[in-house]
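J.: Next come a sequence and a model predicted from it.
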Amino acid sequence: MQKKSILYVFCFFAGYLNAQVSDFDHIDFTKADRIALSYNKERLTNLPELAYKLTTDLTTDVERFRALYRWVCANIANDYGLYLKNNRKRQYFKNDSLKLNAWNDKFRRRLFKKLLKKKQTICTGYAYLVKALADLVNIECEIVHGYGRVSTTNIETLNLPNHSWNAVKLNGKWYLCDPTWASGIPNPKTKNFVFLYNDGFFLANPKLFAVNHFPIDNRWWLLEDNIPSFEEFLAAPVIYGNAYKTLELHNAPEQMHHNIKKNEKVAFNYKLKKSIKAEKVKLLLDNGDDTWRANPTSISIDNTFLKLEHQFKRKGFYDVHLYLNGDLISTYTVEVKAH
Amino acid sequence: MKTQEFTAKSIYKTFGFIAILMIALFTFNTSLGQTNEKTITGLIVNEDGPLPGVNITLKGERVGTSTDFNGEFTFPKKLKTGDVLIFSYLGYLTQRVTINSENSFIKLELELDMVEMMGDLDTNTPYKTKRKKN
C-alpha cells in the first residue's frame, strides 16, 4: 500500500516536470478528431460559431483544445511563396526598424486577408488561429515566438525569429504544441504544401521540443533546468518531424558535429515511445561522394531505451542520418581525422 | 369537503390572477421592452473605414450576427443592461462592450493585433553538408 502511494507521488511529480501528452493517456482523442474532421469544409468567417461547433459535444478541456487544434492542422494550408517573400523582406529590412515595422504591418494585413478568404497562411497564422479559437471557448493559450530549426535552416543567417508555436494551459498546467509543423510538409520537389498530419507535435515533451524550438521568452521552454543558450541550440543535432512521432527524448549526442580520430566511436542515446527491433535501426552515411546504409557498430535496446555506437574506420567528413522503422529521425556530422 | 372546495376556489383565483397578469404583460409588452430591453445597432470600422464581416456574439449564448458590407449591424436579440457583446475579427483585437441604459448604438474601431508574422516549415529533406568542390 505504502509502495503504491509512493509510486503515485512519484508519478505526480514526474508528470509535473514533463508536461506532455502522456498526461492524458486516459483520454481517447478519437471523438475530438472525428468532430474536427467532420467540419473540414467550414470557413473562417464566423470563428465564434466554428469554435462552438467544434467543442460543444466534448466534455474535457483537453478534448476541446484537441478538436480546435486538429481542425486548424487539417484545414490551413501553408503558403510557401508568401513565406519566402516575407523572409526576403525581413532580412532586407533587418537593420532598419522603421521599414521592418512598416513591412510587418503591411504583411500582417495581407496575411490575415489571405487566411480569412483562402485558409492559407504561414506559421504565425496557425498559432494565431489556434489561440483565437481557444480564447473563444475560454481555454488559456499563448502564441510563442522564436527560432525553429529544420534540416534546411541556414544557421549562419538565423538572426531573426523565424517560427511561432503555441503554449496551452490544461488542468492548470502549460503544454507545448506546434500546429504549423503538425499540419504537413512541402513537397520536396514542387515545394507545394501537402497536408500530412503529424501527431507528435501535440503536447510534445518539452525536452524534445527544445532540440529544435528556441522561444524568445524564457518561460516558454517549460523546462526546470538545462535551458540551452542560443549557441547550444544552434549546435544541436537536426531532428525531423518523425522524431516527434518516434522519440520520447533525444538524450545524446547533444551536438550535431563531432571531431574524432580514425577508429573512434560516436555514441547515441534515445528514449523511444515504443520499443523497437534491432534490425529496424539503420544509419545512412554520406561522405560527399557516396551514400550507403550501415548497421551501427553496436545496438543496445532495453525496453524503450535505445543506445547505439558507431565506429568510423576511415577518415573523411560524414553526414550521419539515423533511420528508425524506415523513418528519418535525425542527422549528425562527423569529421574523422587520421591522427 | 370544505377544504377541497376552498382549494378548488383558490386554484381558480390563482389561474385568474395569472391570466390577468399575462394579458397585462402582452398589452404592455412594448412599453416594457422600451424600458428594460432594447435593440442594439451599430457601426464597426477599422483604420480604413467600415469593416464588413465582424462577428458579434452575446457573451454566454449562441446568438450573434456579423456586420454587413457597410460595417453596420442590428443585433438579432433584444438586449438588457449588463449584457456583453463580443466583437471579433480575425487579425484584430477582440473587444467587449457592456450594454447600459444609454447605449443603443455602438460605434467601435477595431485595432490590428500587432503580432509579428513569420514562418518556417518543417521538412523531411535530409540535411546535407555544403562541401567545397575540389
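T.: Yep, it's here. Numbers count the residues shown, from 1 in each chain, chains lettered A, B, ... in the order given.
J.: In this structure residue A:83 contacts residue A:122, no?
T.: Yes: between residue A:83 and residue A:122 there is a contact under Cβ atoms under 8 Å: 4.5 Å. Every C-beta, even on glycine, is put in place using the N, C-alpha and C of the backbone.
J.: If you count surrounding residues, which of those two has more?
T.: Each of residue A:83 and residue A:122 has its neighbours counted (other Cβ atoms under 10 Å in any protein chain shown); residue A:122 has more, 29 against 21.
J.: Can you name the residues of chain B sitting close to chain A?
T.: Within chain B, the positions near chain A by Cβ under 8 Å from any Cβ of the partner chain are B:53, B:55, B:57, B:62, B:64, B:66, B:86, B:88, B:90-91, B:94, B:112-129, B:131.
J.: Could I have the buried ones of those residues as ChimeraX selection syntax?
T.: This is how ChimeraX selects the buried members of these, with burial counted by 16 or more other Cβ atoms under 10 Å in any protein chain shown:
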select /B:55,57,64,66,86,88,90,91,94,113,115,116,117,118,119,120,121,122,123,124,126,127
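J.: and the residues of chain B next to chain A, which of them are in helices?
T.: Of those, none are assigned to helices by DSSP state H.
J.: What about the residues of chain B next to chain A, which are in strands?
T.: B:55, B:57, B:64, B:66, B:86, B:88 (DSSP state E).
J.: contacting residues for the residue nearest to residue A:46 when sequence neighbours are not counted?
T.: When the adjacent residues along the chain are set aside, residue A:46 lies closest to residue B:55, with 5.7 Å between them (Cβ to Cβ, 6 or more residues apart in numbering or on different chains). Contact partners of residue B:55, counting by Cβ atoms under 8 Å, 6 or more residues apart in numbering or on different chains, are A:45-49, B:64, B:66, B:86-89.
J.: Among these, which one lies nearest to residue A:337?
T.: Ranked by distance to residue A:337 (Cβ to Cβ), the contacts of residue B:55 are led by residue A:47 at 58.4 Å.
J.: I'd like the next helix or strand past the helix-or-strand element of chain B with minimal mean pLDDT.
T.: The weakest-scoring helix or strand in chain B, judged by mean pLDDT, DSSP states H and E, is helix B:29-36 (a mean of 52). The helix or strand immediately downstream of helix B:29-36 is strand B:37-38, counting by DSSP states H and E.
J.: now what about that next one, what contacts it?
T.: Here strand B:37-38 has contacts from B:78-80, B:104, using Cβ under 8 Å, 6+ apart.
J.: Now render those residues as TSV, adding secondary structure and distance to residue B:48.
T.: TSV is the format used below for those (DSSP: H, G, I helix; E, B strand; the rest coil; distance: Cβ to Cβ, whole Å):
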residue	secondary structure	distance to residue B:48
B:78	coil	32
B:79	strand	28
B:80	strand	34
B:104	coil	26
